[in-house]
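All I have is the shape, not the residue letters:
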Ligand code: TYD
């Protein structure tokens, strides 16, 4: 069986993690071996990088430093987890991938990624996702969900990045819209306001229609 690479994208609070889990479970029920993973933090080295990236005390991290840490995490993840799983014929379901860097670091923070193009083409372009599910949700609705989750879990804060301002998340959302316009064959836009089970059915419908040999 050929390996299949699927990713989930969206602003914070858009429900990616739930959908990634539901898709992984569904694929397993359909008889596929599944590698369920995430960025940042899909390897032990990546967990260290994630801890640095999401540390609330690091408010002053340089945007370029942040960008390079996300890329470092991704390169380790590709080599250690994603490519080996694809080579074994597994379905890889990844919560965030390179589109997050384009949406957050380029559109959100305004960084120019062209200096990294060689690296991106060679490392990330070599293993593109077969399909990417972009869970599109209004920024205010996503923030309300995050606030509710924090209240339920009695967490005063979920880290530095969740605290970023609304306009930042608005730019990130617009970044995803631009990516979607650019690659409509790979990136599927789904309504993140749907209930989790309805959204999962939409994911499964799109996947069944677009991918042979599931
Ligand atoms: P995520 O793990 O999705 O958050 P959560 O803890 O809610 O599951 O992502 C953590 C943060 O990292 C999120 O704010 C988005 C950000 N991020 C980037 O800015 N660039 C990237 O390339 C990636 C992968 C994540």
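Received, thanks. The structure presented is a predicted model; accordingly, all values stated were derived computationally and were not measured.

Tell me which residues touch residue 96, please.
Neighbouring residues of residue 96 by Cβ atoms under 8 Å, 6 or more residues apart in numbering: 7, 8, 9, 16, 38, 39, 40. In short, each C-beta sits where N, CA and C put it, glycine included.

make that residue 91, sorry
Here residue 91 is in contact with 3, 4, 5, 6, 24, 27, 32, 33, 34, 35 (criterion: Cβ under 8 Å, 6+ apart).

again, only using 10 Å
With contacts defined as Cβ atoms under 10 Å, 6 or more residues apart in numbering, residue 91 is in contact with 1-6, 23-24, 27-28, 30, 32-36, 85, 130, 207, 211, 214.

who's it bridged to?
When assigned by DSSP bridges, residue 91 has beta-bridge partners residue 4, residue 34.

Just the buried residues of the contacts of residue 91.
Neighbour-count burial within the contacts of residue 91 applies to 3-6, 23-24, 27, 32, 34-36, 85, 130, 207; the criterion is 16 or more other Cβ atoms under 10 Å.

Show me the contacts of residue 91 that map onto strands.
In strands, defined here by DSSP state E, the members of these are 4, 5, 6, 34, 35, 36.

if I look at the fourth one, how far off is the ligand?
So the one you mean is residue 34. Between residue 34 and the ligand the distance, using Cβ to the nearest ligand atom, to the nearest Å, works out to 19 Å.

Quickly note the distance from that residue to residue 14.
Using Cβ to Cβ, to the nearest Å, residue 34 is found at 22 Å from residue 14.

Brilliant, that's me finished.
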